[in-house]
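Q: Have a look; sequence and predicted model below, questions after that.
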Amino acid sequence: MTTTRFSAFAALFMTALFLEPAEKWHYPVFTTALLLLGVVVVAVGLTRRTLPLFLIAATGHFLLVEFPDVANHIIVEICSSLLLLVGIAYSLVRRERFPTDDDCFELVRPVLQASMILVYVLAGFAKLNTDFINPEVSCVGSMIHDLARVAKGQELGVPYAALLVAGAGMVVVALVFTRRGKRAVPSTVWAGAMGLVLLLAVLAIPLASRIPSTAAPLAVMVMAGVVILWEFVGGLLLIVPRFQGPLLAFSWTMHATLSLIGFVHFGALAVAMLFTFVPNQYLDLMAGHLRVPIVGRTISRVHAYLGVNVLTGIVSGLGSRLVAAALFNVSVLILTWPILRALVAQAPRPAWPGVSLRNGVTPVWLFAFPVLLLLHGLTSYVGLRTAGNFTMFSNLRTEGPRSNHFLLGRNPLKVWGYQEDLVRVIRIDDSLAAVGLDYKPLQGYQLPVVEFRKRIHAWTKAGKTIPVTLEYHGQVQETENIVDDPRWRTSARNWEMRLMDFRVVQPEGPNRCRW
């Protein structure tokens, strides 16, 4: 079966939608059903007529079951799914103008590009604050710590850092030595190169352990600057076709690294969205086939990517985060290997012209979807929700009269006061209060009343008894069960609770890293 550009993108996007619930399998029945539906859709044929079945199932679950307490990338998946559904319907109605699935892909491609650019830019803009560059609390420091912990782990006595260096080195050697030349590379040269890679891997651990601890704050500040440049400046430069190639390479390097500490699901979404910036002549390379040595059969690279990521989802659900990341990165290598080979080929190689956001076939009204993403990304600054709006791991604080943002320190855009209507939780048993997927500790923190009532509603549905001591409007209140307290009883969710999601608020000090 021929792999079209549309079906290739659809497969990548379906993978992202599957790996989200497969990260922890909190909804095992739904996740299994989604996997089986994906298998059926791929077996029947991944086209603009079959993809909507998968999109409706995945997006419907996000909206009906999990929203509004969803991660930032799920917001992008919801918006992109709705865009694809509308774009597919429009292309089928205008079939004479968009006769093929690839024409439909060209229709939605600029809007998907604009959406990814906005995600990067809004995330980078949120990091322009005093605490993100503060080595004591910066989220960059937390991530460097997590990566260091991964590097220090071992498998059969071999440090993970050595395995990672060896794996990356072998990929580079394989790329360099598979360049199209007139003569084959001698086996002795192969052996020497691989030996050098393994030597570097062995030396990586003792060299890393000798880095002085005083260098850590400087490393955090440097990496904070790199992240801001990547997301904010690099995101803007993705608009310019000539810069897209190197930015795609750097972006994927960052996402591949972040996958090692648990961001495989976001990495899968990034792969799908960054796919839209790849020029067509290179997309056609990805749509080719590869021979599987063990079974002796030829399969589509896209199908291989899907198959490996089914394993990624299963392994991730079993808690093997590093193995899941390794499988995911291998799947991306399988998919992009023809492109990498073409880029290092001696000659000739396809030009890399980039992909313009203007193509003459996309109606302007479709860009309403990125506009919605933009408005959603501004909610922290106008006084609405502070979570799930691309401020993830940014150290941003907008609560109160002053923000820690360099450009919006006085909160000039704030209109609503939800972030200032706060409850301070003095005493609570956080183990009893842990209802839902990822509820964080509340004791010692403040919480907007809207979010606090969401918690009370969840406790009510779970039949919990939650003794709480809190402070609200300067008055200390103590209750043996907040669920039945007439001042706080919440039997149903109002529209504010259905649409907004807030982080806990730190009472004082530099704003520490939070999701």
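A: Good, I have the coordinates.

Q: Give the next helix or strand downstream of the helix or strand bottoming out on mean pLDDT in the chain.
A: When each helix and strand of the chain is scored by mean pLDDT, DSSP states H and E, helix 187-209 comes last, with a mean of 57. Using DSSP states H and E, the helix or strand that follows helix 187-209 in sequence is helix 215-228.

Q: Quick one: list the elements packing against that next one.
A: Packing partners of helix 215-228 (3 or more C-beta pairs under 8 Å, 6 or more residues apart in numbering; DSSP states H and E): helix 139-152. The C-beta positions use only the backbone N, C-alpha and C, and glycine is treated the same way.

Q: Would you mark the buried spots in the helix it packs on?
A: 139-144, 147, 150-151 (16 or more other C-beta atoms under 10 Å).

Q: Wait, V271 touches S251, no?
A: No: assessed by C-beta atoms under 8 Å, V271 is found out of contact with S251, at 9.8 Å.

Q: the longest helix in this protein is where?
A: With DSSP state H setting the assignment, residue counts place helix 101-126 as the longest helix in the chain.

Q: Quick check: mean pLDDT of that helix?
A: Helix 101-126 shows a mean pLDDT of 97.

Q: name the helices or strands packed onto the helix or strand harbouring A368?
A: In this structure, A368 is located in helix 368-377 according to DSSP H and E. With contacts defined as 3+ C-beta pairs under 8 Å, 6+ apart, the packing partners of helix 368-377 are helix 72-93, helix 101-126.

Q: residues in contact with it?
A: 75-76, 79-80, 82-83, 86, 111, 114-115, 118-119, 122, 389-390 (C-beta atoms under 8 Å, 6 or more residues apart in numbering).

Q: Could I have the ChimeraX command that selects the buried members from the residues you listed?
A: Buried residues within the contacts of helix 368-377, by 16+ other C-beta under 10 Å, are selected in ChimeraX with:
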select :75,76,79,80,83,86,111,114,115,118,119,122,389,390
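
Q: So which of the contacts of helix 368-377 is the closest to D284?
A: Taking C-beta to C-beta as the measure, D284 lies nearest V111 of these, at 22.0 Å.

Q: what's the distance between the closest one and A71?
A: 22 Å (C-beta to C-beta, to the nearest Å).

Q: where do the strands sit along the chain?
A: Secondary structure of the chain (DSSP state E): strands at 154-155, 158-159, 289-292, 297-300, 422-428, 446-448, 468-472, 475-479.

Q: Now do the end-to-end distance for stretch 419-435.
A: 23 Å (C-alpha to C-alpha, to the nearest Å).

Q: same question, stretch 409-429
A: Stretch 409-429 end-to-end distance (C-alpha to C-alpha) = 35 Å.

Q: next one: stretch 20-37
A: 15 Å.

Q: what's in contact with that stretch?
A: 17-18, 53-54, 57-58, 61, 65, 73-74, 77, 262, 264-265, 310, 312-314, 316-317, 437.

Q: tell me the mean pLDDT over it?
A: 95.

Q: Give the buried residues for it.
A: Within stretch 20-37, the residues scored as buried using 16+ other C-beta under 10 Å are 20-23, 25, 27, 30-31, 34-35, 37.

Q: how many other residues sit next to the closest residue in space to S115 that isn't next to it in sequence?
A: In this structure, S115 finds its nearest non-sequential neighbour in P370, 5.0 Å apart by C-beta to C-beta, 6 or more residues apart in numbering. Look at P370: counted by other C-beta atoms under 10 Å, it has 22 neighbours.

Q: The chain should start at 626 in everything you say after this.
A: Sure, I'll start numbering at 626, so the last one becomes P995.

Q: so which of the helices and strands packed on helix 993-1002 gets nearest L671?
A: Distance to L671, taken as C-beta to C-beta, is lowest for helix 726-751 among the helices and strands packed on helix 993-1002, at 8.8 Å.

Q: Among the contacts of stretch 645-662, the buried ones, what's the PyMOL command?
A: To isolate in PyMOL the members of those that are buried, counting by 16+ other C-beta under 10 Å, one can use:
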select buried, resi 642+643+679+682+683+686+698+699+702+887+889+890+935+937+938+939+941+942
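
Q: Out of the contacts of stretch 645-662, list just those in helices.
A: Those of the contacts of stretch 645-662 mapping onto helices are 642-643, 678-679, 682-683, 686, 698-699, 702, 889-890, 935, 937-939, 941-942, per DSSP H.

Q: what about the helices in the stretch 1026-1140 of the chain?
A: Along the stretch 1026-1140 of the chain, counting by DSSP state H, counting those that start in this stretch, helices occupy 1055-1058, 1074-1086, 1120-1124.
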